[in-house]
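Asks: pasting the sequence and the predicted coordinates here, then a few questions.
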Amino acid sequence: MSTCTDNAMTNHHASGLLYQIGETLHVWHERYRTRRELTNWTARDLHDVGLSWTDVAYEADKPFWRA
């Protein structure tokens, strides 16, 4: 006959799930922030990195959850 301890009964997946949710929210926020920032770049900035206004419009119109 075995005895269950408190440690054995603990759900160890909950903390990993909360961490994963936090990471996902962080990535979504960064996507939103950087896409908005991109819309403020000048034509010279865009030229320097090889982007066009069309590229910016395409990227800025994406929802934050889409990579």
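Replies: Alright, I've got the coordinates.

Asks: so who does the most centrally placed residue in the chain touch?
Replies: The centre of the chain sits closest to Val27, judged by C-alpha atoms, centre = their mean, with a distance of 1.3 Å. Val27 sits next to no residue when contact means C-beta atoms under 8 Å, 6 or more residues apart in numbering. C-beta coordinates here come from the backbone N, C-alpha and C atoms, glycine included.

Asks: so it, which of the three states?
Replies: helix (DSSP: H, G, I helix; E, B strand; the rest coil).

Asks: so that it lines up with my notes, have the first residue be 13 from now on.
Replies: Okay, residue one is now 13; in that scheme the one you just asked about reads as Val39.

Asks: how much space between it and Ser64?
Replies: Taking C-beta to C-beta, to the nearest Å as the measure, Val39 falls 25 Å from Ser64.

Asks: and if you look at Phe76?
Replies: In terms of C-beta to C-beta, Phe76 sits 22 Å off from Ser64.
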